[in-house]
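[1] Using only what follows, build the 3D model:
(one chain, ligands or ions: 1)
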Amino acid sequence: MEIIKVKDYQQMSEKACQLLKDKIQEREQPVIGLATGSTPEGLYQCLIEKYKRNELSFKDVVTFNLDEYVGLEKDDPNSYAYYMNEKLFKHIDISKEHAHLPGGVTTDLEIECQDYEKLIRDAKHVDVQLLGLGVNGHIGFNEPGTAFTSRTHVVNLDETTRQANARFFNSIDEVPTKAITMGIDTIMESKEILLLVSGESKSEAVARLLQGKVSEDFPASILQEHNRVTILADEAALSKV
Ligand SMILES: O=P(O)(O)OC[C@H]1O[C@](O)(CO)[C@@H](O)[C@@H]1O
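    Coordinates of the predicted model:
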């Protein structure tokens, strides 16, 4: 694993933006895995600015998001589809057909999971997968205890995850109890992984990711076994390493 230490959130976002821009421009049809949450917001803002300055085009980029809440329509302001549209897609030249998220509202979630896997396979897998880190070690919505062999599946969200994400909703009761997420094995198939971490609240999780044993009790620990992972973290996040 390569660890890049930066000063703060701003620097993390700018560095991630530069790295991702280079990866996009190296390839003819880049396949990029995207994440939601607070962590990548600064990165998305920077990518938009690069697009507006004509330094970067997303015309040939294909994206796959990690996850989506079950039960939220695409136009629900708390859905990840809405988040992606507001924070990135509507500001850049990506084609709608190229920007994929699992569908959280569908008659058959199992089929949705299988279809999502097929889409990723047909795209010849993700070139660079962006990841955030949950305080409990989740990646995507793969909570502690998720099998390392898991593919895209439906999960029951941990109470800690629902509480951490309640800040985006009017009340905790509105936070969905289920989500659909790429599995750990699906994530591990990405050719490269870029994990972003910022802030003191993630410091325990980063220390465990880097120094703990590889265990399904802490999903992110599996990244120790991927041969191309970059961890881009700020000083606060690395304060316990
Ligand atoms: O970036 P945040 O908001 O700290 O979230 C960390 C992780 O938790 C999630 O938001 C899921 O709860 C992921 O999408 C994200 O990578």
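[2] Can you list the buried residues in the helix or strand bottoming out on mean pLDDT in the chain?
    In the chain, no helix or strand scores lower on mean pLDDT, DSSP states H and E than helix 159-165, which sits at a mean of 91. Using 16 or more other CB atoms under 10 Å as the burial criterion, the residues of helix 159-165 that qualify are 161-162, 164-165. From N, CA and C alone the C-beta is placed, and that goes for glycine too.
[3] Which two among the residues you listed are spaced furthest apart?
    Within the buried residues of helix 159-165, Arg162 and Ala164 form the most distant pair, 7.4 Å apart (CB to CB).
[4] tell me the phi and psi of the most centrally placed residue in the chain?
    Nearest residue to the geometric centre of the chain (CA atoms, centre = their mean): Ala35, 2.4 Å. Dihedral angles of Ala35 (phi, psi; degrees, to the nearest 10) stand at phi -120, psi 160.
[5] so who does it touch?
    The contact partners of Ala35, taken as CB atoms under 8 Å, 6 or more residues apart in numbering, are 65-66, 130-132, 140, 196.
[6] change it to 7 Å
    Taking CB atoms under 7 Å, 6 or more residues apart in numbering as the criterion, Ala35 is in contact with 66, 130-132.
[7] restrict these to contacts with the ligand.
    Gly132 (CB under 6 Å from any ligand atom).
[8] how about the residues of this protein near the ligand?
    35-39, 132-134, 141, 161, 165.
[9] Rebuild those as a markdown table, extending it with secondary structure.
    Below are these laid out as a markdown table (DSSP: H, G, I helix; E, B strand; the rest coil):
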| residue | secondary structure |
| --- | --- |
| Ala35 | coil |
| Thr36 | coil |
| Gly37 | coil |
| Ser38 | coil |
| Thr39 | coil |
| Gly132 | coil |
| Leu133 | coil |
| Gly134 | coil |
| Phe141 | coil |
| Thr161 | helix |
| Asn165 | helix |
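[10] Most widely separated two among those residues?
    Ser38 and Phe141 (15.3 Å).
[11] Give me the more crowded residue out of these two.
    Phe141 (28 against 14; other CB atoms under 10 Å).
[12] quick one, what contacts that one?
    Here Phe141 is in contact with 67, 155, 157, 179, 181 (CB under 7 Å, 6+ apart).
[13] Ile184 now?
    142, 146, 148, 150, 219, 222.
[14] Would you confirm that Leu19 contacts Leu195?
    No: using CB atoms under 7 Å, Leu19 makes no contact with Leu195, being 11.6 Å away.
[15] what helix or strand does Ile32 sit in?
    strand 31-34 (DSSP states H and E).
[16] helices or strands next to that strand in the packing?
    strand 62-65, strand 128-131 (3 or more CB pairs under 7 Å, 6 or more residues apart in numbering; DSSP states H and E).
[17] Adding distance to Ser171 and mean pLDDT, write those strands out as JSON lines.
    Converted to JSON lines, these look like this (distance: least, CB to CB, whole Å; pLDDT from 0 to 100):
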{"stretch": "strand 62-65", "distance to Ser171": "25", "mean pLDDT": "98"}
{"stretch": "strand 128-131", "distance to Ser171": "28", "mean pLDDT": "98"}
